[in-house]
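Engineer: Okay, sequence plus prediction incoming.
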Amino acid sequence: MDARRVDWAEGEWWNRPVRVEGASDGGLVVEPGENTDLWRHTSYGFVHDDAPALLAPLPPGAAAEVSFLLDYGAQFDQAGVLVRVDSDTWVKAGVEVSDGQPQLGAVVTRQVSDWSVAPVPEWAGREVTVRVSRAGDALTVRARVGSGSWRLVRLAPLAPEAVAAAGPYCCSPSRAGLRVTFTGWHHGPADTLLHPEG
């Protein structure tokens, strides 16, 4: 992706975190607060819409990448990228600790939430990048660890006329004290192919 680095100041907080501070290397350290989450109804029966996210416009034809350190380990701790249209329509994707290990996954919400995960214990302690790419009627989610190959996480519907914003998010549904270090945020053009060759 021919990407430009997004300055943290370009985003606007949707739900402010408990604490946010710049890191000496240009990163951003975010403490989301206790019992913060994003979820609508399915199986759990509750609605949470209070996770902090730093958002900027994601128009059709654009992609956003968010990088962070996977150095957290409590149940349901999570970080990644949020794509938000409104309270009923959003996608969060990243790494969440579930059942004792890091899980790469996504929650796609249209009135109600669904969740898909895949274990990535070998990613623990490393830099993870999640990429959301908006083209046509779809949002493509990919992720990688370090400089490794991109892995397809999810293909989700997103109406071409929807006004969406995207950026880094984190939350901690089960405890206080989570601190997530975001190491980068980039914008660029959407992927041209769902299944790139090579």
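Structural biologist: Good, I have the coordinates.

Engineer: and the most centrally placed residue in the chain, what element?
Structural biologist: The chain has V81 as the residue nearest its centroid, 1.7 Å off, counting by C-alpha atoms, centre = their mean. Using DSSP states H and E, V81 falls within strand 78-86.

Engineer: Parallel or antiparallel, which strands does that strand pair with?
Structural biologist: strand 89-98 (antiparallel), strand 165-171 (antiparallel) (DSSP bridges).

Engineer: quick one: S133 from V29, how far?
Structural biologist: 27 Å (C-beta to C-beta, to the nearest Å). Every residue, glycine included, has its C-beta placed from N, CA and C.

Engineer: Show me which of the two is the more surrounded one.
Structural biologist: Using other C-beta atoms under 10 Å as the criterion, S133 and V29 rank with S133 on top: 22 against 15.

Engineer: Next, work out how far apart the more buried one and V18 are.
Structural biologist: From S133 over to V18 (counting by C-beta to C-beta), the distance is 31 Å.

Engineer: and what of R179?
Structural biologist: R179 is 10 Å from V18, by C-beta to C-beta.

Engineer: what's the overlap in contacts for those two?
Structural biologist: Taking C-beta atoms under 8 Å, 6 or more residues apart in numbering as the contact rule, R179 and V18 both touch E31.

Engineer: Helix, strand or coil: sort out A9 for me.
Structural biologist: Per DSSP: H, G, I helix; E, B strand; the rest coil, the secondary structure class of A9 is helix.

Engineer: What about it, how many residues nearby?
Structural biologist: 7.

Engineer: The one 10 residues further on now?
Structural biologist: When neighbours are counted by other C-beta under 10 Å, R19 registers 11.
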